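Student: here's my sequence, what's the structure:
(chains A and B)
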Number of protein chains: 2
Amino acid sequence: MATISDVAKLAEVSVATVSRYINDSGYVGKKSRESIESAIQELNFVPSEVARSLSTKQSDIIGLIIPDIKNPFFPELARAVEDTAFEYGYTVILCNSDENATKEKHYLQKLTNKYVAGIIITSIIEQENHWHNVRLPIVALDRPINSKVPTVTTNNEKGAKIATNYLIECGATNLLCISGPKTFVSSQTRIEGFKLAGNQKNISTHIIESPYDFEIAEKILYGYLKNNPAIDGIFACSDASAIGALKAAHRLGIRIPEDMQIVGFDGIQVGNVVTPGLTTVAQNIYQLGQAAAKLLIEQIEGDKITQESVCIDPQLIIRETTRKERLE
Amino acid sequence: MATISDVAKLAEVSVATVSRYINDSGYVGKKSRESIESAIQELNFVPSEVARSLSTKQSDIIGLIIPDIKNPFFPELARAVEDTAFEYGYTVILCNSDENATKEKHYLQKLTNKYVAGIIITSIIEQENHWHNVRLPIVALDRPINSKVPTVTTNNEKGAKIATNYLIECGATNLLCISGPKTFVSSQTRIEGFKLAGNQKNISTHIIESPYDFEIAEKILYGYLKNNPAIDGIFACSDASAIGALKAAHRLGIRIPEDMQIVGFDGIQVGNVVTPGLTTVAQNIYQLGQAAAKLLIEQIEGDKITQESVCIDPQLIIRETTRKERLE
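Tutor: Numbers count the residues shown, from 1 in each chain, chains lettered A, B, ... in the order given. Take a look at the predicted model:
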């Protein structure tokens, strides 16, 4: 007997699209609709109860709790979550926690009590017991919560190693790492990667802390670089602080990349707009959001969870704040 | 007898905060809570049914339909809507329409049928009859829908005049306006402002069209400026196209602001990050989102609507893509 997967395969659309068509539970384009109709006829397909399950779920709203949609990392992420939710017939409630535990708790409670089917969260609350009361499917995004909650993150250590090794290959020997706030696990993991890669003969390493904010980073780096002119390579744990460093260097007359090289982390669009263009370790932000939404919907719909956590490799994007790799 | 307003006044908080406190329907900070409690005691206040109305409303969700949260204009706007909604005890569903009429209609229908109390929308659908079926409070944001729907916009004509006059005052005589897509009313109004201000002796004006996209604008402007070297002043209807023009000028060896001056429109953060910093007419994006949310909540809660439409003045921010004003 033909299954929904067979229909999807023959119609060359996703299973979710066929499911939406059967349940009339979301948008299906004209072309897909026609392909599905012919596939159903050709295969003599009769929808099962499982295929209808999407239409019987209680809520079709997902809660997304992030620190701040104005932080350039989150619009693309929110977009990916919303696109994926849309594909499966869900809508997304957007909540900004401002890294404020009280606000985060308020939203968690409001969403839990009221109407959502599940929650995707970039949380600041690490206490294990806090999460015992949340009786809903959850996915932790960017920052792990505990071992029971599926997590989607970038491979931060690997990314930091790639960045640091690239600086060294391009001739930098006196390296500075601009870390993020101490409370961010992702920043701590990036520092680990920096230390591991920088632990080489004739390479010296230094670390300073800065918030992920253009303007504050510029001020901090202006002071630091003025007093430490030997620094010839910077690995910044965020593009925001990398761009702050770039502006500080500009003001101090330090030539980039001739006198000093910079590699950022994140891959936000503004890195491509600044002059010189920022070399960076780009997270696959869209893929992070997409993976989180899929993992959550799997839990909501009672499907077998295929992965407990997803760790996505970042990718080095070479632009103009680094010199060409030395051919030795 | 004391009213809820009296309590709010004495406690030095908003009426909405007192209402949330009374109905236990949203977040109230510790300090506000204490002030409200002493004010209630001092005034011997007894809450009326009206004051309790917030707790009996059917839905406390607002739908926000925008073209794309990745467009740098919208994160701050969404943030303002969410902040205001939070203050009044509402949450926000985020929908990206991609300027696609089918997707916009799908979302409108989904939100209308299901669960929201009202909708804020930046719409591409102008047909009057389309809106007759939407039986919910609506506020049009950035783009007017029709005379019956309250609208929140920037004073686009005034902003364009300010930009154009400033270019002329700074010595530009051969002006180019980079318009947005023809379907955007806001862009048309900015062109009108440009034409009115540019209609002066010894000033020549030209107009070309570009999408609000860094990279496409750069390509279009590269071709245009190569063939039109006399242009010495650009008014761009968006910061995105202004930054595209800046990059094109850089590639062509045109010095900014010495050979050519540029003024953008929008006031997005990236304008402050590029080198040289972009002079621009900044919309008060946060205020736009805040005004839209307030206007919607007034309608939802049956309050008297104080304003049918809100038109917010933009402000010139002078950075480095313009020369100093001539002192004549």
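Student: what are the phi and psi values for the residue lying closest to A:Ile285 once chain neighbours are set aside?
Tutor: The shortest distance from A:Ile285 to any non-neighbouring residue, by Cβ to Cβ, 6 or more residues apart in numbering or on different chains, is to A:Glu76 (4.5 Å). C-beta here means a position set from N, CA and C on the backbone, and glycine is covered the same way. Per-residue torsions, A:Glu76: phi -70, psi -40 (degrees, to the nearest 10).
Student: what segments of the stretch 201-328 of chain A are helices?
Tutor: A:214-227, A:239-252, A:285-300 (DSSP state H, counting those that start in this stretch).
Student: mean neighbour count and distance to B:Ser186 added to those helices, as TSV?
Tutor: Shown next, in TSV, are the helices of the stretch 201-328 of chain A (neighbours: other Cβ atoms under 10 Å in any protein chain shown; distance: least, Cβ to Cβ, whole Å):
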stretch	mean neighbour count	distance to B:Ser186
helix A:214-227	18	27
helix A:239-252	24	29
helix A:285-300	23	28
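Student: okay if I get those helices as JSON lines plus mean pLDDT?
Tutor: Output for those, formatted as JSON lines (pLDDT from 0 to 100):
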{"stretch": "helix A:214-227", "mean pLDDT": "96"}
{"stretch": "helix A:239-252", "mean pLDDT": "95"}
{"stretch": "helix A:285-300", "mean pLDDT": "94"}
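Student: out of those, nearest to A:Val7?
Tutor: helix A:285-300 (19.7 Å; Cβ to Cβ).
Student: now for the closest one, which elements pack on it?
Tutor: strand A:61-66, helix A:74-87, strand A:118-121, strand A:138-141, strand A:151-154, strand A:309-312 (3 or more Cβ pairs under 8 Å, 6 or more residues apart in numbering or on different chains; DSSP states H and E).
Student: near chain B, which residues of the stretch 51-200 of chain A?
Tutor: Residues of the stretch 51-200 of chain A lying near chain B by Cβ under 8 Å from any Cβ of the partner chain: A:61, A:64, A:68-70, A:72, A:74-76, A:78-79, A:82-83, A:91-96, A:102-103, A:106, A:110-111, A:115.
Student: so what pLDDT did A:Ser309 get?
Tutor: With respect to pLDDT, A:Ser309 has a value of 86.
Student: gap between it and chain B?
Tutor: A:Ser309 sits 26 Å away from chain B, going by Cβ to the nearest Cβ, to the nearest Å.
Student: nearest to B:Leu316, out of the helices of the stretch 201-328 of chain A?
Tutor: helix A:214-227 (20.8 Å).
Student: from the middle of its chain, how far away would the closest one be?
Tutor: Between the centre of helix A:214-227 and the centre of its chain there are 27 Å (Cα atoms, centre = their mean, to the nearest Å).
Student: what does stretch A:80-88 give?
Tutor: 15 Å.
Student: export only the CA atoms of that stretch, formatted as PDB.
Tutor: The C-alpha trace of stretch A:80-88 is given here as PDB (Å, rounded to 0.1, in the frame of the first residue of the first chain):
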ATOM      1  CA  ALA A  80      14.500  30.300   9.700                       C
ATOM      2  CA  VAL A  81      12.300  29.300  12.600                       C
ATOM      3  CA  GLU A  82       9.400  31.000  11.100                       C
ATOM      4  CA  ASP A  83      10.000  29.600   7.600                       C
ATOM      5  CA  THR A  84      10.200  26.100   9.000                       C
ATOM      6  CA  ALA A  85       7.100  26.600  11.200                       C
ATOM      7  CA  PHE A  86       5.200  27.900   8.200                       C
ATOM      8  CA  GLU A  87       6.100  24.900   6.200                       C
ATOM      9  CA  TYR A  88       4.600  22.600   8.900                       C
END
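Student: so what touches that stretch?
Tutor: With contact meaning Cβ atoms under 8 Å, 6 or more residues apart in numbering or on different chains, stretch A:80-88 is reached by A:14, A:16-17, A:20, A:26-27, A:54, A:62, A:64, A:91-92, A:120, A:285-290, A:292-294, A:297, B:69, B:94-96.
Student: try it again with 7 Å
Tutor: A:16, A:62, A:64, A:91-92, A:120, A:286, A:289-290, A:292-294, A:297, B:94, B:96 (Cβ atoms under 7 Å, 6 or more residues apart in numbering or on different chains).
Student: now swap in stretch A:293-313 and tell me
Tutor: A:53, A:57, A:62, A:81, A:84-85, A:88, A:90, A:117-118, A:120, A:137, A:139, A:150-155, A:158, A:284, A:287-288, A:291.
Student: end to end, how far does that stretch reach?
Tutor: 18 Å (Cα to Cα, to the nearest Å).
Student: and stretch A:265-285, by the same measure?
Tutor: OK, stretch A:265-285 end separation, Cα to Cα: 12 Å.
Student: what sits up against that stretch?
Tutor: Outside of stretch A:265-285, the residues within contact range by Cβ under 7 Å, 6+ apart are A:72-73, A:76-77, A:154, A:159, A:162-163, A:190, A:236-239, A:242-243, A:246, A:256, A:262-264, A:312, A:314-322, B:214, B:243, B:250, B:270, B:273-275.
Student: before we move on, the earlier item: buried subset of the residues of the stretch 51-200 of chain A next to chain B?
Tutor: Listed as buried from those are A:61, A:64, A:69-70, A:72, A:74-76, A:78-79, A:82-83, A:91-96, A:103, A:106, A:110-111, A:115; burial here means 16 or more other Cβ atoms under 10 Å in any protein chain shown.
Student: now for the contacts of stretch A:80-88, which pair is the farthest apart?
Tutor: Greatest spatial distance in those: A:Ala16 and B:Leu94, 20.0 Å, computed using Cβ to Cβ.
Student: quick one on the thing from earlier: out of the contacts of stretch A:293-313, which are buried?
Tutor: Going by neighbour count (16+ other Cβ under 10 Å), the contacts of stretch A:293-313 have A:62, A:81, A:84-85, A:88, A:90, A:117-118, A:120, A:137, A:139, A:150-155, A:158, A:284, A:287-288, A:291 buried.
Student: look up how far B:Lys219 lies from the closest residue in space to A:Thr189 that isn't next to it in sequence.
Tutor: Using Cβ to Cβ, 6+ apart and skipping residues adjacent in sequence, the residue nearest A:Thr189 is A:Asn156, 4.0 Å away. Separation of A:Asn156 from B:Lys219 (Cβ to Cβ, to the nearest Å) stands at 35 Å.
Student: show me chain A divided up by domain.
Tutor: Listed by automatic domain parsing, the domain ranges of chain A are A:4-55, A:61-153+A:285-312, A:156-283.
Student: weakest of the ones you listed by average pLDDT?
Tutor: Of all those, domain A:4-55 has the smallest average pLDDT, which comes to a mean of 75.
Student: please, which helix or strand holds the residue in the stretch 101-250 of chain A that chain B sits nearest to?
Tutor: Going by Cβ to the nearest Cβ, chain B is nearest to A:His106 of the stretch 101-250 of chain A, at 4.6 Å. Element membership of A:His106, judged by DSSP states H and E, is helix A:101-114.
Student: what lies in contact with that helix?
Tutor: Taking Cβ under 7 Å, 6+ apart as the rule, helix A:101-114 contacts A:63, A:65, A:93, A:95, A:97, A:119, A:123-125, A:134, A:136, B:27, B:91.
Student: would you mind giving the residues you listed as TSV with secondary structure and distance to B:Ile208 added?
Tutor: Formatted as TSV, those follow (DSSP: H, G, I helix; E, B strand; the rest coil; distance: Cβ to Cβ, whole Å):
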residue	secondary structure	distance to B:Ile208
A:Gly63	strand	44
A:Ile65	strand	43
A:Ile93	strand	41
A:Cys95	strand	41
A:Ser97	coil	43
A:Ile119	strand	47
A:Ser123	coil	47
A:Ile124	coil	47
A:Ile125	coil	51
A:Val134	coil	54
A:Leu136	coil	52
B:Tyr27	coil	49
B:Thr91	strand	42
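Student: pick the one among those closest to A:Asn174.
Tutor: Of these, the one sitting nearest to A:Asn174 (Cβ to Cβ) turns out to be A:Ile124, at 33.9 Å.
Student: this completes my enquiry, with thanks.
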